[in-house]
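Peer 1: need the 3D shape of this:
(chains A and B)
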Amino acid sequence: MTETTPDGRRVLGLVPGKPVAGDRKEPDDQDLVMVWPHLLIRHAVAAMGILLSVLVISVLFDAPLRSVANPSQTPNPEKAPWYFAALQELLSHFHPLVAGVLVPGAIITGLIALPYIDTSPHDKPRHRKVAVVTFTIVIVAWIVLTIVGFAFRGPNWGWVWPWNEWHGEL
Amino acid sequence: MGMTDERTGVVARLRRTPVGKSIFRSPPRVTPRDRAAGHWSNFLLHIYPVKIRRRELSFRFSWYLGIISTVLFGSLVVSGIYLMFFYVPSPNQAYTDIQTIQTEVTFGQYIRNVHRWSAHMMVLAVAMHMARVFYRGAYKAPRQFNWVIGVILLVLTLLLSFTGYLLPWDQLAFWAVTVGTEMAAFVPLIGGSVQEMLLGGPVVGAATLLRFYVLHVAVLPSLIVFVLMIHLWRWRKDAMLDLDRSEADD
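Peer 2: Reported below is the predicted structural model:
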């Protein structure tokens, strides 16, 4: 049987009254939601937020430009870019083969192998303590080494306090 | 096909003209089914899944670091192309070109700042994205290989940043790259040849600048876009997976 709604659309049937009890459910984490608009609007806001930060930082701070490259005048300290500062700091403590090859090689290999080593299906931290603790130790060590190499090292890679003399370069 | 679109807005009416229909090709978005169809037939939206799990919407799920990394890459492409118009990768010209960009080129200093700070922020964002994915356990089956692709993207990001670091040809650039490439020499057996291949000679010089430039503006960006497409494609394919592990966890 076909009926017609007041605005002229044809439907199979209309059942008067309210939905039966239990018909409505609480929103759940695993519900499927449309990407447009729910995710896209959030991505748009995140995109505008990060672009606004770039704009503000770029208005406030100029990119560094030192004097022209001079191969005969080595600066002291010689600093690698900040994301290699941890490696450079390691190099000052260990044999180059360890700090420059084995450690970075082990980190990259370990990251690639991680999902094949840690095959437990759990994703709550309390059920995967070994993985979480190991990863956290590596990350924290890396951040500390980066900060030390970036800000706490001065001439001849000696220790300096960054509030006394600043040798960090971006 | 959806019901008749009765909206009277300008865009809705344009979409009903023959030209509008030829461009958009999707039914007017009246029902959820139309919305899904519109999604699939839109080039810009096709990199997204049609639906995702509700939990993925929240800030604490991802900190939005994936989209932030991608947007920063976009900012780097745009500002980088602008800088390319005014830059020649030769030791005689590179440094003065940067000075000219900063003093004479319209918005030159600002665009250079955008490029520099976006690059540092992208390294940070990509690294934090990796950490967030780890703590969420999102690298687990069946997504293992997309994590591997993510590690490759991290390495490519570092290489892009490092090759760009040399281009201003100032003391900072020259000696940072000298230190960085000296590390390559420590690799047993092949280290020396790797370093020489990177530098194009025994020390950082004109050949190094040209090599880093070509890697920075052509080779590495093409590579990272290609690998990023695979990364996003796999993310889209897996977005609707129902992996409720809370039962196994509790």
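Peer 1: from here on, just use CA atoms for contacts and neighbour counts.
Peer 2: Fine.
Peer 1: domains for chain A, by residue range?
Peer 2: A:33-62, A:82-157 (automatic domain parsing).
Peer 1: and the lengthiest helix in chain A, what's buried?
Peer 2: Longest helix in chain A by number of residues, with DSSP state H as the criterion: helix A:35-60. By 16 or more other CA atoms under 10 Å in any protein chain shown, the buried positions in helix A:35-60 come out as A:35-36, A:39, A:42-43, A:46-47, A:50-51, A:54-55, A:57-58.
Peer 1: ok, now stretch B:75-95?
Peer 2: B:75-76, B:79-80, B:82-83, B:87-91, B:94-95.
Peer 1: and that stretch, how far apart are its ends?
Peer 2: 23 Å (CA to CA, to the nearest Å).
Peer 1: any idea of the mean pLDDT in that stretch?
Peer 2: What stretch B:75-95 shows for mean pLDDT is 98.
Peer 1: does that stretch reach chain A?
Peer 2: Yes. Shown here: stretch B:75-95 in contact with chain A (CA under 8 Å from any CA of the partner chain) through B:75, B:95.
Peer 1: how about residues contacting that stretch?
Peer 2: A:51, A:68, B:97-98, B:101, B:108, B:111-112, B:114-115, B:118-119, B:167-170, B:205-206, B:209-210, B:213 (CA atoms under 8 Å, 6 or more residues apart in numbering or on different chains).
Peer 1: hang on, the earlier thing: can I get the domains of chain A in CSV including mean pLDDT?
Peer 2: Formatted as CSV, those follow (pLDDT from 0 to 100):
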stretch, mean pLDDT
domain A:33-62, 96
domain A:82-157, 93
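Peer 1: nearest to B:Arg236, out of those domains?
Peer 2: domain A:33-62 (10.9 Å; CA to CA).
Peer 1: and the closest one, anywhere near chain B?
Peer 2: Yes. Domain A:33-62 reaches chain B (CA under 8 Å from any CA) through A:33-36, A:38-39, A:42-43, A:46-47, A:50-51, A:54-55, A:57-59, A:61-62.
Peer 1: before we move on, back to that, now do the buried residues in the following helix or strand past the longest helix of chain A.
Peer 2: Helices and strands here follow DSSP states H and E; after helix A:35-60, the next one along the chain is helix A:85-91. Using 16+ other CA under 10 Å as the test for burial, helix A:85-91 gives A:85-91.
Peer 1: filter the contacts of stretch B:75-95 to the buried ones?
Peer 2: Neighbour-count burial (16+ other CA under 10 Å) applied to the contacts of stretch B:75-95 gives A:51, A:68, B:97-98, B:101, B:108, B:111-112, B:114-115, B:118-119, B:167-170, B:205, B:209-210, B:213.
Peer 1: run through who's touching stretch A:107-120.
Peer 2: Under CA under 8 Å, 6+ apart, the answer for stretch A:107-120 is A:128, A:131, B:139-141, B:144, B:147-148, B:151.
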